[in-house]
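Asks: need a structure here:
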Amino acid sequence: MYKHIIFDFDGTIADSAAAILTIYNEMAAQYRFKPVTEEEYKKLSQLSLQERFKALDVPFYRFMLFRKISKEFKRKYNEHVASIPFCDGMQDVLSHLLQSGIKLSVITSNAADNVADFLQPHGIHTLHDIRSSSGLFGKHKTIQSYLKENQLRPEDVIYVGDELRDIVASHKCGIKVIGVTWGLDPKELLASGKPSFLIDQPDELLQLVQ
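Replies: All right, here's what the predicted structure looks like:
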């Protein structure tokens, strides 16, 4: 049995796609990004992260604004957090795992405060840790720090995420990773990263980690 399970947040625990689309379009005019319809958003999910930026006509130099944009996005996200639902079945899965004694944590590119503000009203306030990773591609560094600070071996931990970049980050750290198909990235894109496991329903998590 694993000692620690690390979860991604958006698309894995929280069904935040609608809120993210709303916030993106609120910010699109300000930063001269291309606005996106719900149908276009679904099509974007079929692309890699780099291809999504290209489809949105976001040139590389605009990444210089990333910290500013990210900070504003996280602030706006908190304004929506009370209306964001759980991904179907995930609240029960988290509650069950907490009762089992396995330490649960979240490592996300979202703000740690947003995660806490989402979970606590639902009675989930005993997670081991919630950490915000730096940038879109810095999650592996945050995972490595987590392993070191908790004196964990790679085999003690498994990560759960809905994006290809979650799988890539986990591979860089030498830990197993479960790709979940109910989030942002489609099953085919997740499979291309060769996750340790690929699941379609939250209750499958319980079979894999206990």
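
Asks: Got the domain ranges for the chain?
Replies: Structural domains annotated on the chain: 4-15+86-209, 17-83, as defined by automatic domain parsing.

Asks: Which elements pack onto the lowest-mean-pLDDT helix or strand in the chain?
Replies: With mean pLDDT, DSSP states H and E as the measure, the helix or strand of the chain carrying the lowest mean pLDDT is helix 49-55 (a mean of 76). Packed against helix 49-55, as judged by 3 or more CB pairs under 8 Å, 6 or more residues apart in numbering; DSSP states H and E, are no other helices or strands. From N, CA and C alone the C-beta is placed, and that goes for glycine too.

Asks: So which residues make contact with it?
Replies: Contacting residues not belonging to helix 49-55 are listed as Leu44, Leu47, Leu136, Glu163, Leu164, Arg165 [CB atoms under 8 Å, 6 or more residues apart in numbering].

Asks: Pull out the buried members of the residues you listed.
Replies: Buried members of the contacts of helix 49-55, counted by 16 or more other CB atoms under 10 Å: Leu44, Glu163, Leu164, Arg165.

Asks: Can you tell me which of those is closest to Ile23?
Replies: Leu44 (14.9 Å; CB to CB).

Asks: Could you report the neighbour count for the closest residue to the closest one other than its chain neighbours?
Replies: Among residues not flanking Leu44 along the chain, Arg52 sits closest, at 4.9 Å (CB to CB, 6 or more residues apart in numbering). Look at Arg52: counted by other CB atoms under 10 Å, it has 17 neighbours.

Asks: which helices and strands does the helix or strand Val106 falls within pack with?
Replies: Assigned by DSSP states H and E, Val106 belongs to strand 103-108. In terms of contacts (3+ CB pairs under 8 Å, 6+ apart), strand 103-108 is packed against strand 4-7, helix 90-100, helix 112-119, strand 129-132, helix 139-149.
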